[in-house]
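Trainee: need a 3D model of the sequence below.
(chains A and B)
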Amino acid sequence: MDSGNIPDLPVPPDARDRPRVGVDEWVAQVEHRRARYSGLAGLAYRGISFIPPPGRLALFAAFAATLPLWMGRGDLFTYGIFTLLYALLGLGLNVVVGYAGLLDLGYVAFFGFGAYFYAELSSPQYGIHWSSAAAIPVVVVATALLGLVLGISSRRLLGDYLAIVTLFFGQAFVVFVNVGNPTVGGKGLSGGPNGIADIDPLDLFGYELTTRNQQYYFLLLSVVVALVGLHTLSESRTGRAWRALREDPLAAETMTIPVKRLKLMAFAFGAGIAGFAGCIFASVLTAVTAGNFDLPLLITIYAVVILGGLGSITGVVLGAIVINVSFQFLAPENPQNNARILFYAVLLLLLILSLRPWWRLGAVVGGVVGFGILTRLIVEAVAPSWAGGPVVEGGRLAGAIKEWVVIPTPAHDRFGNWAYVCLVVAILILTLVQGWMRTALLVPIVYLAAVVWENSFVEQPAVARWILFGSLLIGLMTLRPQGLLGTPRVEVV
Amino acid sequence: MSERSLLELRAVEKAFGGLAVVSDLDLHVDEGEIVSVIGPNGAGKTTVFNLITGIYRPDGGDILLDGVNVVGLAPHVITRRGIARTFQTLRLFLNMTVKENVMAVQYGRTNATVVESIFRLPRARREEREMNRLAEEKLAFFGQRLIGYRWDQPAYSLSYANRRRLEIARATATQPRILLLDEPAAGMNPVETHEMTELIGKLRDEGGYTILVIEHDMHVVEGISDRVVALDHGVKIAEGSFDTVATDPRVVEAYLGLRRAKKK
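Mentor: Prediction:
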């Protein structure tokens, strides 16, 4: 056809090919600059992104495989097996939330359903003892189907509504197995509050996995397979379609992507992975109770996925490691010294991150130490009973703290509370002042925080654990809102 | 005009509540034609696009693609049948890379199942290669603008004009027969607008697409259109060559108001 009515394009000046303000390369470079991190964090981040996915996987697998060689059996259970379980659950949730962008708050119910269903199929509950090689596929398919059924609601529900409905489903599941417990075949189906016990060990074609090492390696193999499978899936037509519908469902729908069907697929896929994790959980713990599948687990799994970076497979694994290790590290049965070390580490980290240049940091840290020693000496000289209290628990730090933090004798039991009030007021003032005043005020505040910690929180490890964990998350989210390995998402440009 | 139009709207109606947005609209686009739809803001132009692509369902009338009625089909089915569109308010998959944007929309043309994709079975691998090739080909249509290092950049890092180009590339990757372009030159500077004018002609001449375009810039409309259709308040008020429509008193009135139109 004739296109003669289209005027000739003027010859583009050379300057147009160079980066200009507001044009691609320039924008890209700005993004790059913004995403660049200095110091150790930057080095670690660049290091991780530099290694291609297969390399990362090999590194992770090689490290994880050595775990049983140097870890005690108890540690292998709490650190190794649980980290891998969290990773597996996180990977499933990542499909639903990270790829398809569906806020599924009933996810843990699929995990619970898988665990309970596996328990029914191989335990003395009904005297059924299926081999795992048969039970696991059946459970995974059944859980995926359950996900499909729940996913049907997502055809109509969007955003907040979907979240509420799935949350309701998750709670309904917990109440059902705990209280509902219908009588089937002369027995409570789910065992009520006692749950189901004596579940058979994993049994693969006659080979029983009874030791922690065997279970750990089986789980590790499953996680590696899941990682590889999800990576290839995310780089396929289905993975791209999922991400497209997360970005813009309407545009996806008008671009040959059947949005509703893909949402259902994501739900079913995520549920299937959760069901598989449930099987392993049930067989490794040999017992299931409703409490295992309640809200705290949901929060933990979401923390794993969000911390790692929504949509990033490597991120999920990293998130699982960080969350589980810090959880176990701070467990109430662990010595309080752990919590104390973490507290001072977080405090120091926050100072390092917020104070630049280095001499300012040095001045504040030195100031805090000096201020502490001086304060304690003065208090001891003026009123000895206010500085003669015992330091909670031993450990290497305790000796130093004795010389540094003001700890009154138990007679002054309100001291911690007053110090806490002072700390809050001081932080409020800190937000109002500017410049050098702010740096100067930091010194007593940091010291006050240590005083409050040593006098109040260190005696209540359970509370301290959650507070520390919360502040760790807040700190991380402030630094990297997209999660450890997530890419910064742009909503509206 | 050929025997049967590629796209034909017959007496299409659409009302939101009591407000008739499109009433009794007849429109046809022949194979290889570039038809422009013009009209003041709120004339119902974008609604017509939404009706054709299945985002809205018309209250009455038929929409025929090559003689087959597409009313009531889901949007993704209509696109697979051969109608692809761009959006006036750009709707790219911003956090995906440029190439991924163009590959994602080939979902409808490919068939590998989830299992095949996970295990990279032959069909999945073959389709993947094919998608990659087509994506690069469609992006190469825009010269140097969208190739090379830009393939792996997230879409949000593109400039405004390049986002418009990427939207067109994305639409063509669904391998449509007819392209609906919603204000392709909106927000562009004169040089870019000029380039877009040339591009639309090239899309028809080299790409072989039939094009229905909504445009406000009269220079663009004049430069590209085989035929112009003017809408006002959802009613077709004029149709014909650019010169005929541009001088039509009803069109002038719709744009400038009755008094000014009379003065003229």
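
Trainee: which residues does the residue lying closest to B:Ile168 once chain neighbours are set aside contact?
Mentor: Of all residues not flanking B:Ile168 in the chain, B:Thr86 sits nearest, at 5.8 Å (Cβ to Cβ, 6 or more residues apart in numbering or on different chains). Quick note: C-beta positions are derived from backbone N, CA and C, even for glycine. Applying Cβ atoms under 8 Å, 6 or more residues apart in numbering or on different chains, we find B:Thr86 in contact with B:164, B:167-168, B:170-171, B:179-182, B:184.

Trainee: now stretch B:167-187: mean pLDDT?
Mentor: In this model, stretch B:167-187 has an average pLDDT of 92.

Trainee: which residues touch the residue in the stretch 101-250 of chain B that chain A sits nearest to?
Mentor: Proximity of the stretch 101-250 of chain B to chain A (Cβ to the nearest Cβ) peaks at B:Gly108, 2.6 Å away. Contact partners of B:Gly108, counting by Cβ under 8 Å, 6+ apart, are A:255-258, B:76, B:79-80, B:174.

Trainee: looking at those residues, which is nearest A:Leu76?
Mentor: A:Leu76 lies nearest to A:Ile257 out of the contacts of B:Gly108, by Cβ to Cβ, at 43.8 Å.

Trainee: give me the number of residues near the closest one?
Mentor: A:Ile257 has 27 neighbours, counted by other Cβ atoms under 10 Å in any protein chain shown.

Trainee: give me the element it is part of.
Mentor: Assigned by DSSP states H and E, A:Ile257 belongs to no helix or strand.

Trainee: how about the residues of the stretch 1-150 of chain B near chain A?
Mentor: For the stretch 1-150 of chain B, the residues in contact with chain A (Cβ under 8 Å from any Cβ of the partner chain) are B:32, B:53-55, B:74-76, B:79-80, B:84-85, B:87, B:91-96, B:100-101, B:103-110, B:112, B:114, B:117-120, B:124, B:127-128, B:131, B:144, B:150.

Trainee: so which of those residues are in strands?
Mentor: The strands, defined by DSSP state E, take in B:84-85 from those.

Trainee: among the residues of the stretch 1-150 of chain B next to chain A, which are in helices?
Mentor: Counting by DSSP state H, the part of the residues of the stretch 1-150 of chain B next to chain A found in helices is B:75-76, B:79-80, B:100-101, B:103-104, B:114, B:117-118, B:124, B:127-128, B:131.

Trainee: which of those residues lies closest to A:Phe173?
Mentor: B:Val114 (25.9 Å).

Trainee: show me the contacts for the residue sitting nearest the centre point of chain B.
Mentor: By Cα atoms, centre = their mean, chain B has its centre lying nearest to B:Leu180, at 1.7 Å. B:Leu180 makes contacts with B:49, B:52-53, B:83-86, B:211-213, as judged by Cβ under 8 Å, 6+ apart.

Trainee: need the residues you listed in JSON lines with distance to A:Leu297 and pLDDT, can you?
Mentor: Below are the contacts of B:Leu180 laid out as JSON lines (distance: Cβ to Cβ, whole Å; pLDDT from 0 to 100):
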{"residue": "B:Phe49", "distance to A:Leu297": "47", "pLDDT": "94"}
{"residue": "B:Ile52", "distance to A:Leu297": "48", "pLDDT": "95"}
{"residue": "B:Thr53", "distance to A:Leu297": "43", "pLDDT": "94"}
{"residue": "B:Ile83", "distance to A:Leu297": "47", "pLDDT": "94"}
{"residue": "B:Ala84", "distance to A:Leu297": "45", "pLDDT": "94"}
{"residue": "B:Arg85", "distance to A:Leu297": "44", "pLDDT": "94"}
{"residue": "B:Thr86", "distance to A:Leu297": "45", "pLDDT": "94"}
{"residue": "B:Ile211", "distance to A:Leu297": "54", "pLDDT": "95"}
{"residue": "B:Leu212", "distance to A:Leu297": "53", "pLDDT": "95"}
{"residue": "B:Val213", "distance to A:Leu297": "54", "pLDDT": "94"}
